[in-house]
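J.: Task: produce atomic coordinates for the following.
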Amino acid sequence: MLEPVNVSLESLNLITLAPMLIAIVGGLIIIILDLLTKKLDKSLYVMLTVLVLFINFGSVLGLGLNERGFFDVMLVDGVSIISQLMIIGGSMIFIPLALTSKRFHEYDYPEYFALFLFMIAGFQFMVASDNLILIFVGLETASLSLYTLIALHNRANSYEAAVKYFTMGALAAGFFAMGSAVVYAITGSIELYKVAEIMATRVNETGIMMAIFGSSVLLLVAFAFKLSLFPFHTWAPDVYEGASAPLAGYMSVIPKIAAFVVSMRIFGMYIDLGIEWVRWTILIIAVLTMTLANIMALVQNDVKRMLAYSSISHAGFIMAALALDTTEGNTSIFLYYGLFMFTNLGAFAMLWISRHKKRRFNALHDHPYEKFSGLITIMPMGAVIMALFMLSLAGVPPFSVFWGKLYVMQAAVNAGYIWLAIVMGLNSAIAAYYYLKLIVYMFLKEPEKDVDIVYYNLSKPLIVVIGMATLATLTAIFYVQPLVSYFYYMISASGY
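T.: Numbering: from 1, shown residues only. Okay, here's the model as predicted:
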């Protein structure tokens, strides 16, 4: 007869679950309030969401470093804390857009904010665990919420985008589940730290080596879908185009932070075991992703699709840093996305300043380059801010993303991959062309006929969000080194 096991609350260390529980409880409160009364102003739900995010942010700051909890499935290390702070911080910038006077109709649904909080909880579970089952649960919780948020935009191409994203997400989930199953078959464990120990003792066995190869391929395909890496990137531009402009900007950053953290844990484990072909496969995919996405961005006629391909190219940069598997390389990942987050969210939010219910400039696209022609004469400050974002994304010194690219290339050179740094430099030069193309339209072309400032969305919340993104982009010029030092300390303390 089995002896009963006594589990004390202290040993569970439930404080490690607090951030996710705060987000989930916040979402449930919003749903319950909506059930109780329909008379509440929708702005209340926005403020409740912001409040929950602030509490969540504070609870993450209060976590101890390198702790485990809840039967050891929760892992609170430096990587987990940094990534949760970035996820919540990016969400806090995004959600005030729901207060704008010319709001998208989906912001009128309380369910939108509940799903948003559930999605954040899913991302937090992904980054705060090295248990493959919990990572999968977090991945699916976040993904299912995000599909619905896209569909709530309630346009024909929004439904198409949601279905495409759902289909690609289902494929990714299938590959992840199969890869995890193979890992479990080899090692008898789903805890990555135990998996690494067992694999290290069996890595030279021929049959086991084939199984390790199979598991790494399946998992790599799963995350190539999630991170929109070549050749699994084709869904991304269509999904971004179908989503609302702010949500597209959010999707280009926050979900990828969570996916990169999981990739760092999983593929870092394979590379640490000395399986070099995993490193080289990732490097080849990274180079192809950044190069082909840049070439596709060159021929786009729509600014939103251009920014979508640009985001794919940036993901290639980060994937190359991940393949280095050094503390400096991993630090550069968080620095890059920390800087990229504000700039890219700001650039997508800027698309909303000229929102029209009907396509006034082009029958195929919502945001053609012509829409921004002569913006300097219609809205001088808007043109200057958008130019700032474009120069930053292009990696023009001294603007924010330049420092991210510089640190990634420095990490590549210090790891002995000089050719990789050269490829990155060439890709940055290619990218400069399509970013500068928009600046040329804004500053050097005449405005289209019948364009008036009346058509522009100048509500205060949008101005505040764009202002915050602009301030962060400019502050990064002077304040990068303390950020690097903090990231380096947290990541090295976690053993990455």
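J.: residues contacting Leu288?
T.: For Leu288, the contacting residues are 230-231, 316, by C-beta atoms under 8 Å, 6 or more residues apart in numbering. The way it works is simple: take the backbone N, C-alpha and C, and place the C-beta from them, glycine included.
J.: repeat that with 7 Å
T.: Phe230 (C-beta atoms under 7 Å, 6 or more residues apart in numbering).
J.: Show me how far the lengthiest helix in the chain is from its chain's centre.
T.: If you go by DSSP state H, the chain has its longest helix at helix 156-187. Using C-alpha atoms, centre = their mean, to the nearest Å, the distance from the centre of helix 156-187 to the centre of the chain it belongs to is 17 Å.
J.: Buried residues, the helix or strand harbouring Met386. List them.
T.: Taking DSSP states H and E as the criterion, Met386 maps to helix 380-394. Within helix 380-394, the residues scored as buried using 16 or more other C-beta atoms under 10 Å are 382-383, 385-394.
J.: again with stretch 279-298
T.: Under the neighbour-count criterion of 16+ other C-beta under 10 Å, stretch 279-298 has 279, 281-283, 285-287, 289-294, 296-297 buried.
J.: what residue ranges in the chain score low on pLDDT?
T.: Low-confidence segments of the chain (pLDDT under 70): 1-12, 100-106, 154-156, 354-366, 448-458.
J.: quick one, strands of it?
T.: Residue ranges of the strands in the chain, as given by DSSP state E, are 67-69, 74-76.
J.: Export those as a markdown table, with columns for mean neighbour count and distance to Gly242.
T.: Formatted as a markdown table, the strands of the chain follow (neighbours: other C-beta atoms under 10 Å; distance: least, C-beta to C-beta, whole Å):
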| stretch | mean neighbour count | distance to Gly242 |
| --- | --- | --- |
| strand 67-69 | 17 | 39 |
| strand 74-76 | 23 | 35 |
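J.: Including distance to Ser59, could these go into TSV?
T.: Below are those laid out as TSV (distance: least, C-beta to C-beta, whole Å):
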stretch	distance to Ser59
strand 67-69	13
strand 74-76	11
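J.: Looking at those strands, which is nearest to Gly274?
T.: Among the strands of the chain, the nearest to Gly274 by C-beta to C-beta is strand 74-76 (23.7 Å).
J.: Mind giving me the packing neighbours of the closest one?
T.: Counting contacts by 3 or more C-beta pairs under 7 Å, 6 or more residues apart in numbering; DSSP states H and E, strand 74-76 is packed against strand 67-69.
J.: CA atoms only for stretch 277-297, dumped as PDB, please.
T.: Provided in PDB are the C-alpha atoms of stretch 277-297 (Å, rounded to 0.1, in the frame of the first residue of the first chain):
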ATOM      1  CA  TRP A 277      24.400  20.300 -36.400                       C
ATOM      2  CA  VAL A 278      21.600  21.900 -34.300                       C
ATOM      3  CA  ARG A 279      23.700  25.100 -34.100                       C
ATOM      4  CA  TRP A 280      24.400  25.100 -37.800                       C
ATOM      5  CA  THR A 281      20.900  24.300 -38.800                       C
ATOM      6  CA  ILE A 282      19.700  27.300 -36.700                       C
ATOM      7  CA  LEU A 283      22.400  29.500 -38.200                       C
ATOM      8  CA  ILE A 284      21.400  28.600 -41.800                       C
ATOM      9  CA  ILE A 285      17.700  29.200 -41.100                       C
ATOM     10  CA  ALA A 286      18.600  32.500 -39.400                       C
ATOM     11  CA  VAL A 287      20.600  33.700 -42.400                       C
ATOM     12  CA  LEU A 288      18.000  32.600 -44.900                       C
ATOM     13  CA  THR A 289      15.200  34.200 -42.800                       C
ATOM     14  CA  MET A 290      16.900  37.600 -42.500                       C
ATOM     15  CA  THR A 291      18.000  37.700 -46.200                       C
ATOM     16  CA  LEU A 292      14.800  36.500 -47.900                       C
ATOM     17  CA  ALA A 293      12.500  38.600 -45.700                       C
ATOM     18  CA  ASN A 294      14.500  41.700 -46.500                       C
ATOM     19  CA  ILE A 295      14.300  40.900 -50.200                       C
ATOM     20  CA  MET A 296      10.500  40.400 -49.900                       C
ATOM     21  CA  ALA A 297      10.200  43.700 -48.000                       C
END
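J.: Isn't Leu375 up against Ala383?
T.: Yes: here Leu375 reaches Ala383: they are 4.1 Å apart, a contact under C-beta atoms under 7 Å.
J.: and for these two, which residues touch both?
T.: With C-beta under 7 Å, 6+ apart, Leu375 and Ala383 have common neighbours Met442.
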